[in-house]
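**Q** sequence and predicted structure below; questions after.
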Amino acid sequence: MVKAIAKGLNFVLGKYLQKNKVIVSSSLVYLERDRDIDRNYFDYIRLSSLELVSHEINRRGIKGHVAELGVYKGKFARYINHYFKDRTFYLFDTFAGFDQRDVNLEKDRGLTSGTQDFSDTSVEAVMESMPYPEKCRPVQGFFPDSAKDLQEAFVFVSIDTDLYEPVYNGLRYFYPILVKGGYIFIHDFNNDHYKGARKAVEQFCGEMQINFVPLPDLAGTAIIAK
């Protein structure tokens, strides 16, 4: 019945919905295991992909910590913490918005204005939203300087810093210490408002001679697997 209604919506409103970047589609119809997906998170593909990746990592017993570079208010971070509840979770951010050094470089390269304000956050507010705060390690400061004293191996990393320089530096830092079987998600790869993200991924992958997989989620995440 649900599938019939969805097909009807596609038939009647399909062109209108697709024009407005909304797709009605079935997903993993033949997968029988129960999946924990928050229906209030309005980016099903990104969240569903995180759940699938976390399931593979946890099922295979791959060891390593998890991290997010570019946390902002912790909207996506809380799901990383949820799906990797038994792992130490490092949250790297200025917790004060874009660093002017990165903005200046972004403007010099003609990639974006860098005028967006992401300063309305704090370590305390982010920690309050984490389901397992005892596993979280917020690291405040300018990256990668803020990570210079860490000696960890990671199995999953989310990079969501929008701008070229922090995305590129994030890949340079995390990929060498990503364990075999691990994944890096790079947000905004297909977001034309932040063209630096794509440029950074393409440059890094070209230098390392590795591939990436683009997702059709809200902002066009790219995935690198090791």
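**A** Sure, I can see it.

**Q** sheet-wise, list the partners of the lengthiest strand in the chain with their directions.
**A** Using DSSP state E, we find that the single longest strand of the chain is strand 178-186. In the sheet, strand 178-186 lines up against strand 154-159 (parallel), strand 222-225 (antiparallel) (DSSP bridges).

**Q** without its sequence neighbours, what residue ends up closest to Thr161?
**A** Gly70 (3.7 Å; CB to CB, 6 or more residues apart in numbering). C-beta: built from backbone N, CA, C; applies to glycine.

**Q** an error on my part: the question was meant for His65.
**A** Beyond its immediate neighbours in the sequence, the residue positioned closest to His65 (CB to CB, 6+ apart) is Thr88, lying 4.6 Å away.

**Q** correct me, but that neighbour touches Pro133?
**A** No. With contact defined as CB atoms under 8 Å, Thr88 does not reach Pro133; the gap is 12.0 Å.

**Q** in which helix or strand would I find Phe92?
**A** Element membership for Phe92 (DSSP states H and E) is strand 89-93.

**Q** name the residues of that strand that are buried.
**A** Phe89, Tyr90, Leu91, Phe92, Asp93 (16 or more other CB atoms under 10 Å).

**Q** show me what that strand is packed up against.
**A** Applying 3 or more CB pairs under 8 Å, 6 or more residues apart in numbering; DSSP states H and E, we find strand 89-93 packed against strand 65-69, helix 77-83, strand 136-140.

**Q** find me the pLDDT at the spatially closest residue to Val155 that is not a sequence neighbour, would you?
**A** Using CB to CB, 6+ apart and skipping residues adjacent in sequence, the residue nearest Val155 is Gly64, 3.1 Å away. The model reports Gly64 with a pLDDT of 98.

**Q** what residue ranges in this structure score low on pLDDT?
**A** Low-confidence segments of the chain (pLDDT under 70): 1-2, 5-6, 8-9, 11, 13-14, 17.

**Q** give me the domain ranges for it.
**A** For the chain, automatic domain parsing gives the domain ranges 1-32, 35-225.

**Q** just say which of those is most tucked in.
**A** Comparing these by mean neighbour count (mean count of other CB atoms under 10 Å), domain 35-225 comes out on top with a mean of 18.

**Q** and it, how far out from the chain's middle?
**A** 4 Å (CA atoms, centre = their mean, to the nearest Å).

**Q** coming back round to it: so what strands line up beside the strand holding Phe92?
**A** Strand 89-93 pairs in its sheet with strand 65-69 (parallel), strand 136-140 (parallel), by DSSP bridges.

**Q** hmm, who's touching that strand?
**A** Applying CB atoms under 8 Å, 6 or more residues apart in numbering, the contact partners of strand 89-93 are 65-72, 74, 77, 80-81, 121, 126, 130, 132, 135-140, 143, 146-147, 150, 152.

**Q** so Phe204 sits against Leu171, correct?
**A** Yes. The criterion here is CB under 8 Å, and Phe204 meets it with Leu171 at 4.3 Å.

**Q** which residues touch Asp86?
**A** Counted by CB under 8 Å, 6+ apart, Asp86 has contacts Lys135.
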